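A.B. asks: need the 3D shape of this:
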Amino acid sequence: MADVFVSYASEDRDRVRPIAEALQQRGLTVWWDRALAAGDDYAAVIERELAAAKAVVVVWSATSAQSPWVRDEAGRARDAGRLVPAMIDAVDLPLGFGQLHTEDLTAWNGAARAPQIDLLADAVGAKIAGAPLDPAATAAKRARLLTRVRVVSVLGALASVVAIVAGVTTIARTTAPSPSGTPPPSAVQQPVDPLAELLRLVDEGKITGEQAVRLAELLQQQAFSDAPAGSAPPAQPAPQTAPAFGARASLAPEAAAAVETASVGFDAAARETFSEAVAQLIQDPDARVRTAVLKASRPQSRAEGVEALLSIAAEGGPAAGAIYRACGALLSVVDDPRARDALENAQRLNPQDKRIWSLLSVMYGRERRPLDAAGAALVGEGLDAAAQGKRDDSARTLEAALPYVARNPASKAFVLGQLGDDAAARSDWDVAERRYAEAVRLHGAAKDAGALAVEAAKLARAHLAQGEARDACRTLRKAQGEGAVVSEQEINAACRPANTGGVGPAGPLRLTPAPTQPPG
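C.D. replies: As a prediction, this is how the structure comes out:
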């Protein structure tokens, strides 16, 4: 059993991993659900580890703050006096947790030795030891952290990098051989590696998360410096035997308008996607990733950097999603044919990313695929509406997208699941049930165990919300038989409501996707 249990939303796995690893580097035993093995009874293991942990680090984010599962784990830890909350997004905490001090990691740069982690580790250590923190010492350490964040400004960190690069350039010039072939006296100087210095600044916590965002914006300006700005490159004219992308006759007005909006917003969407992905990648623990992304951000070394990044992403590691987003956005602007593949991989790993759908719309337009372009544009608009809480607009737009994505079972199943979510948000459980059932059928036919697990859990919840425990039980049993990982606790909750009290719509069933092997 581990001393520390980390609770978080699965969507934040890549962001939480450095926190778990930083605590482990301090000698703490840490359990988070990456430690689950194939064949484990997931819910039982989680419940056992949560009960045994002496400290429970709950990582609050925009996603986890809305997760009933995380709130339940946090509530148990709070009631047992073992809760250590931390925040990676500036969010309003759920009721019952706002009065507790929460460690602020929103500006943390991911370095294990950064002062924000020192504060978190101190709080965890106190919980494990069963002794309160020294308020005066903690306040002093927190004051030093705030001072350091103010003093080590964005411009200061970036000025250091600029000075390093300038120094390398100067050294390179002074060490160039003379026409006679004799090296000048200054050749004995050892050039400073700007990449190594930049990574050292990051590793030592001298570049905060805020500064990483600023640096990513500067890298974006450099990366796109040789690309046309302002709009997407126009699609090539189609042969007379096929409808041109610009011809809207085959598209409904709403679809044509969505395609136009995606095209007009293409440049901004690509640059924002690149910057956000790079801000994550320049802090990745894997030095290969950090090196490659800096190379990809320079036009003169772009080819080498992109090739290295795509090779790393093909390994299927935790950085794959951000790599595909960065490469897809960059390559789409410079009109590299690999852009669509990268964006489709990004969409597969995170279909909730509305900008990726919009960028894909433009890629499909270039390839003279107007129906696919319309479907992707409409899905992007629907996700945007849902993110703003406009569920009626989301449902209307995603309904319009269905005919255009029908040829792609995975995209159709995703859209159906989103329509189910829109209906569930309105408590229209009958519509939600039908949409989830369609999504479950498609995922089952495609043998996509991970997506099947997610949608089956939603379908079971819709059944239970309508008092259909028998149907919920049948759904879970069937999903289990088709490869979805379902714990016996979850089965019992739906199949023996008389014994367990059942699980209502607010108490989620949690099905975990089956472990997958990385590509290759």
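A.B. asks: from now on I want contacts and neighbour counts done on CA atoms only, so please keep to that.
C.D. replies: OK.
A.B. asks: quick one: contacts for residue 50?
C.D. replies: Shown here is residue 50, whose contacts under the criterion CA atoms under 8 Å, 6 or more residues apart in numbering are 5, 56, 73.
A.B. asks: now do the contacts for the second one.
C.D. replies: Read it as residue 56. Residue 56 sits in contact with 4, 5, 6, 7, 50, 74, 77, 82, 83, 84, 85, where contact means CA under 8 Å, 6+ apart.
A.B. asks: again, 6 Å this time
C.D. replies: By CA atoms under 6 Å, 6 or more residues apart in numbering, the contact set of residue 56 is 4, 5, 6, 82, 83, 84.
A.B. asks: measure it to residue 72 for me?
C.D. replies: From residue 56 across to residue 72, the span is 12 Å (CA to CA, to the nearest Å).
A.B. asks: just the ones in helices from the contacts of residue 50, please.
C.D. replies: When DSSP state H defines the helices, the subset of the contacts of residue 50 inside them is residue 73.
A.B. asks: give me the lowest-pLDDT entry from the contacts of residue 50.
C.D. replies: Lowest pLDDT within the contacts of residue 50 is found at residue 73 (91).
A.B. asks: for residue 112, which non-adjacent residue is closest in space?
C.D. replies: residue 22 (4.6 Å; CA to CA, 6 or more residues apart in numbering).
A.B. asks: check which helix or strand the one you found maps to.
C.D. replies: Assigned by DSSP states H and E, residue 22 belongs to helix 13-25.
A.B. asks: and the helix or strand that that helix is followed by, which strands flank it?
C.D. replies: Downstream of helix 13-25, the first helix or strand assigned by DSSP H and E is strand 30-31. If you go by DSSP bridges, strand 30-31 pairs up with strand 4-7 (parallel).
A.B. asks: can I get the partner strand in PDB, CA atoms only?
C.D. replies: Output of strand 4-7 as PDB, limited to C-alpha atoms (Å, rounded to 0.1, in the frame of the first residue of the first chain):
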ATOM      1  CA  VAL A   4       0.000   8.900  -0.900                       C
ATOM      2  CA  PHE A   5      -3.100   8.500  -3.100                       C
ATOM      3  CA  VAL A   6      -3.500  10.900  -6.000                       C
ATOM      4  CA  SER A   7      -7.100  11.600  -7.100                       C
END
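A.B. asks: how distant is that strand from the center of its chain?
C.D. replies: Here the centre of strand 4-7 is set off from its chain's centre by 20 Å, with CA atoms, centre = their mean, to the nearest Å.
A.B. asks: likewise for stretch 296-307?
C.D. replies: 23 Å.
A.B. asks: tell me the buried residues in it?
C.D. replies: Within stretch 296-307, the residues scored as buried using 16 or more other CA atoms under 10 Å are 296, 297, 298, 299, 302, 305, 306.
A.B. asks: can I get those in CSV with secondary structure, distance to residue 439 and pLDDT?
C.D. replies: CSV is the format used below for the buried residues of stretch 296-307 (DSSP: H, G, I helix; E, B strand; the rest coil; distance: CA to CA, whole Å; pLDDT from 0 to 100):
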residue, secondary structure, distance to residue 439, pLDDT
296, helix, 38, 92
297, coil, 39, 89
298, coil, 43, 86
299, helix, 43, 88
302, helix, 40, 92
305, helix, 38, 93
306, helix, 35, 95
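A.B. asks: and which of the residues you listed is nearest to residue 344?
C.D. replies: Comparing the buried residues of stretch 296-307 against residue 344 with CA to CA picks out residue 306 as the nearest, at 16.2 Å.
A.B. asks: for the nearest residue to that closest one once chain neighbours are set aside, give me its contacts.
C.D. replies: Counting by CA to CA, 6+ apart, the nearest residue to residue 306 once its immediate chain neighbours are dropped is residue 296, at 5.3 Å. The contact partners of residue 296, taken as CA under 6 Å, 6+ apart, are 302, 305, 306.
A.B. asks: output these in a markdown table; the columns should cover distance to residue 261.
C.D. replies: Putting the contacts of residue 296 into a markdown table (distance: CA to CA, whole Å) gives the following:
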| residue | distance to residue 261 |
| --- | --- |
| 302 | 29 |
| 305 | 31 |
| 306 | 28 |
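A.B. asks: just the closest of those residues to residue 374, please.
C.D. replies: Ranked by distance to residue 374 (CA to CA), the contacts of residue 296 are led by residue 306 at 28.6 Å.
A.B. asks: how many residues are close by residue 226?
C.D. replies: When counting by other CA atoms under 10 Å, one arrives at 12 neighbours for residue 226.
A.B. asks: helix, strand, or coil at it?
C.D. replies: coil (DSSP: H, G, I helix; E, B strand; the rest coil).
A.B. asks: pLDDT wise, what is it at?
C.D. replies: The model's pLDDT for residue 226 equals 79.
A.B. asks: and residue 107, by the same measure?
C.D. replies: For residue 107, pLDDT reads 74.
A.B. asks: quick check: which ranges of this structure have low pLDDT?
C.D. replies: Low-confidence segments of the chain, defined by pLDDT under 70: 33-42, 109, 133-212, 228-249, 487-490, 496-520.
A.B. asks: how is it divided into domains?
C.D. replies: Annotated domains of the chain cover 4-151, 153-174+188-206, 208-236+243-384, 408-520 [automatic domain parsing].
A.B. asks: ok, residue 88 to residue 63 distance?
C.D. replies: From residue 88 across to residue 63, the span is 10 Å (CA to CA).
A.B. asks: for residue 303, same thing?
C.D. replies: 35 Å.
A.B. asks: likewise for residue 69?
C.D. replies: Per CA to CA, residue 69 is found 11 Å from residue 63.
A.B. asks: these two: who's more crowded?
C.D. replies: residue 69 (19 against 15).
A.B. asks: need phi/psi at that one.
C.D. replies: Residue 69 has phi and psi values of phi -70, psi -50 when expressed as degrees, to the nearest 10.
A.B. asks: name all residues that make contact with it.
C.D. replies: Going by CA under 6 Å, 6+ apart, residue 69 touches no other residue.
A.B. asks: three-state assignment of the residue nearest to residue 403 when sequence neighbours are not counted?
C.D. replies: Nearest residue to residue 403, sequence neighbours excluded (CA to CA, 6+ apart): residue 375, at 7.8 Å. Here residue 375 is recorded as helix under three-state DSSP.
A.B. asks: residue 375: how many residues sit nearby?
C.D. replies: 29.
A.B. asks: in the helix or strand harbouring residue 254, what's buried?
C.D. replies: Using DSSP H and E, residue 254 falls within helix 253-264. When burial is assessed from 16+ other CA under 10 Å, helix 253-264 yields the following buried residues: 255, 256, 257, 258, 259, 260, 262, 263.
A.B. asks: with distance to residue 350 added, can I get those residues in JSON lines?
C.D. replies: Formatted as JSON lines, these follow (distance: CA to CA, whole Å):
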{"residue": "255", "distance to residue 350": "23"}
{"residue": "256", "distance to residue 350": "25"}
{"residue": "257", "distance to residue 350": "25"}
{"residue": "258", "distance to residue 350": "21"}
{"residue": "259", "distance to residue 350": "21"}
{"residue": "260", "distance to residue 350": "24"}
{"residue": "262", "distance to residue 350": "19"}
{"residue": "263", "distance to residue 350": "21"}
